[in-house]
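Enquirer: only geometry, no sequence info:
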């Protein structure tokens, strides 16, 4: 029992770090003004704090995998959404509500069941010739999801599509990270550098897509989508490419489908929650001086206003005086 204590603690701290990064990303997205480009969040110190928290969570997850079995570590990673909701309620004043907890528990339970049913990894490693094809396939799929998100009318649907693209990039990045570690252990340096470069591209794409997914979509639905898609993509690669299978044969496959249904139901429940609205930012400026056309259209001249005995609108008297040469 004591041998599993360290990986469990590492997984818990990793999940808290991931949850904190997601909350900071959502806050940055909610408080960043709209602009023509996507570089607005990069100018915010909070965004780089989210990057640091994500890196910390990933490093702790890798160390946990080194000390604990995959069947234990991966399901515990699903606790990110469970930690994120109460943390958002405390630090960002975002109430969860019964529907939010129901969706989070469905998503977390379904994902944990799916990962628990995944069989143990085999000794095969990812072939060097397969890596460029897998990276290209995932990046193409992520690009298709991102383009489809641009056509979505609802912000939550757009956020879920972008989060799915981010989860796919993160999941394939995890596969490549494991492949790079195996290359280093086996002293096969020929494909190590290209694999690390591909990992960096996938991680960067996932970070930017996940940041965009929180824009107007709230926290719960995008985070649940990323949390589910990330390990599912990694497990799909293990099943399709490395020959891994589900536990308990056909019965395990049926249970895995049911677990996937529960996880999907949780994401749908979270996507129906109304996102928290941020108060509109108001910019204080000086008094606006009306144009001459504005004053002339309403026949606001200095003489007319004096005859009527009424005060001139701010700036109109000065405009009339200038036009009369006064």
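Expert: That came through, no problem. Owing to the predicted nature of the structure, the values given are computational and were not obtained by experimental measurement.
Enquirer: Low-confidence bits of the protein, can you list those?
Expert: 1-4, 33-42, 68-72, 74-75, 119-124, 244, 274-326 (pLDDT under 70).
Enquirer: for it, what spans make up the strands?
Expert: In the chain, no strands are defined using DSSP state E.
Enquirer: ok, the nearest residue to residue 27 once chain neighbours are set aside - contacts?
Expert: Spatially, and ignoring its direct neighbours in sequence, residue 27 is nearest to residue 92 (6.2 Å; CB to CB, 6 or more residues apart in numbering). (Each C-beta comes from the backbone N, C-alpha and C, glycine too.) Counting by CB atoms under 8 Å, 6 or more residues apart in numbering, residue 92 touches 23, 26, 27.
Enquirer: Could you double-check that the last one sits in contact with residue 46?
Expert: Yes - counting by CB atoms under 8 Å, a contact exists between residue 27 and residue 46, whose distance comes to 6.7 Å.
Enquirer: Next, please give the residue ranges for the helices of the stretch 51-200 of the chain.
Expert: Using DSSP state H, counting those that start in this stretch, the helices of the stretch 51-200 of the chain run over residues 70-76, 79-91, 97-117, 130-150, 155-185, 192-213.
Enquirer: I'd like those helices laid out as JSON lines, including mean neighbour count and distance to residue 248.
Expert: Below are these laid out as JSON lines (neighbours: other CB atoms under 10 Å; distance: least, CB to CB, whole Å):
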{"stretch": "helix 70-76", "mean neighbour count": "20", "distance to residue 248": "13"}
{"stretch": "helix 79-91", "mean neighbour count": "20", "distance to residue 248": "24"}
{"stretch": "helix 97-117", "mean neighbour count": "20", "distance to residue 248": "7"}
{"stretch": "helix 130-150", "mean neighbour count": "16", "distance to residue 248": "28"}
{"stretch": "helix 155-185", "mean neighbour count": "23", "distance to residue 248": "24"}
{"stretch": "helix 192-213", "mean neighbour count": "20", "distance to residue 248": "32"}
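Enquirer: Which of those helices sits closest to residue 246?
Expert: Nearest of these to residue 246, taken as CB to CB: helix 97-117 at 5.1 Å.
Enquirer: Mind giving me the packing neighbours of the closest one?
Expert: helix 70-76, helix 79-91, helix 220-240, helix 249-271 (3 or more CB pairs under 8 Å, 6 or more residues apart in numbering; DSSP states H and E).
Enquirer: closest one to residue 17 among these?
Expert: Smallest distance to residue 17 across these (CB to CB): 9.0 Å, for helix 79-91.
Enquirer: The closest one vs helix 220-240, what angle?
Expert: Counting by axes from the mean of the first three to the mean of the last three CA atoms, to 10 degrees, helix 79-91 points 170 degrees away from the direction of helix 220-240.
Enquirer: what angle separates helix 79-91 from helix 249-271?
Expert: Using the same axes, to 10 degrees: helix 79-91 against helix 249-271 is 20 degrees.
Enquirer: what's helix 79-91 in contact with?
Expert: With CB under 8 Å, 6+ apart as the criterion, helix 79-91 contacts 11-12, 15-16, 18-20, 22-23, 26, 94-96, 100-101, 104-105, 107-108, 219-220, 223-224, 227.
Enquirer: Let's see that with 7 Å instead.
Expert: With contact meaning CB atoms under 7 Å, 6 or more residues apart in numbering, helix 79-91 is reached by 15-16, 18-20, 22-23, 94-96, 100, 104, 107-108, 219-220, 223-224, 227.
Enquirer: Let's see the ChimeraX selection covering just the buried ones among these.
Expert: Typed into ChimeraX, the next command selects the buried ones out of the contacts of helix 79-91 (criterion: 16 or more other CB atoms under 10 Å):
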select :15,16,18,19,20,22,23,94,96,100,104,107,108,219,220,223,224,227
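Enquirer: distance of the residue nearest to residue 27 from residue 207?
Expert: 20 Å (CB to CB, to the nearest Å).
Enquirer: Equivalent analysis for residue 167, please.
Expert: 12 Å.
Enquirer: can you check residue 53 too?
Expert: 11 Å.
Enquirer: ok, residue 205 to residue 101 distance?
Expert: Distance from residue 205 to residue 101, by CB to CB: 31 Å.
Enquirer: Appreciated, that's everything.
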